Structures are given as C-alpha cells and as structure tokens.
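Trainee: What shape does this take:
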Amino acid sequence: MKDLFALLLGGGDLNPQNSSGMEFPKDNDPNWSKVVETQETKTHLIKIETWTSKDGGCVLQRSSMELRRSVDVNKLKRLLAKAVQNEEYEKAAELRDKIKAAGE
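Mentor: Below you'll find the model as predicted:
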C-alpha cells in the first residue's frame with residue numbers, strides 16, 4: 001500500500017483514464033479483478049482501487065481522498081435540541097451555525 005505522502009503528491013486522480021490513456025474497466029468486467037483498499041487518518045479517508053487483468057499483464061490503479069469531518073454533527077444536533085428545550089437561544093444559535101458550517 002502506498003504511503004500517505006505518495007498519495008498526497010500523486011493521488012486523487014479525477015480523470016477516468018490512467019497515465020497510459022486507457023480507461024479504467026467497469027466494476028463487473030469479467031476480464032479484470034478489482035481490489036479496494038481503504039486507509040483512515042485523523043483528517044482524511046483514502047481509497048485505493050487496483051484493477052488487475054486476468055492474465056496479470058496489466059495493472060491499473062487510482063486513489064482518492066476525502067476530508068473527514070472533525071465535528072460530530074449528530075452530537076451538535078442533540079446539544080441543539082437540548083439548548084432549545086432549555087430556552088438557551090444564544091447557545092442554540094451558535095450550535096445551529098456550527099451544524100451549517102459542517103455542511104448539514
């Protein structure tokens with residue numbers, strides 16, 4: 001498995017083709033086998049997809065990264081409900097803004 005530094009420099013391929021210009025095979029292509037590896041860091045989710053031809057003559061690989069949320073949105077929603085129930089509206093407004101900032 002590649003290390004994180006290598007993924008940061010060369011990963012995250014958004015082009016559906018590899019460097020040779022070949023398109024990646026479909027997931028159900030009988031001529032290829034696909035392996036998916038995932039890694040988690042404190043800040044990112046990393047996925048590495050590797051396709052190997054049945055004859056072993058060709059290997060295609062791509063990686064992608066997704067930023068992990070550092071905020072537990074469900075916890076913020078519970079705190080928001082509690083603040084509203086206790087009529088702590090300033091606190092509720094702050095929690096609402098944190099939830100919006102987290103993308104929910």
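
Trainee: any idea how far T43 lies from N31?
Mentor: 37 Å (C-beta to C-beta, to the nearest Å). Where you see a C-beta, it was placed from the backbone N, CA and C, and this is true even at glycine.

Trainee: whoops, I mixed them up, T52
Mentor: Taking C-beta to C-beta, one finds T52 at 10 Å from N31.

Trainee: Who has more neighbours out of these two?
Mentor: Counted by other C-beta atoms under 10 Å, T52 and N31 do not tie: T52 has more neighbours, with 15 against 10.

Trainee: one step back: now do the shared contacts for T52 and N31.
Mentor: With C-beta atoms under 8 Å, 6 or more residues apart in numbering applied, the contact sets of T52 and N31 do not overlap.

Trainee: Helix, strand, or coil at L45?
Mentor: With DSSP: H, G, I helix; E, B strand; the rest coil as the basis, L45 sits in strand.

Trainee: That one contacts M65, doesn't it?
Mentor: Yes - at 7.0 Å, L45 counts as touching M65 under the criterion of C-beta atoms under 8 Å.

Trainee: Among those two, which residue is more densely surrounded?
Mentor: M65 (17 against 13).

Trainee: other SSEs contacting the helix or strand that one falls within?
Mentor: Assigned by DSSP states H and E, M65 belongs to strand 59-67. Contacts defined by 3 or more C-beta pairs under 8 Å, 6 or more residues apart in numbering; DSSP states H and E place strand 59-67 against helix 4-10, strand 44-53.
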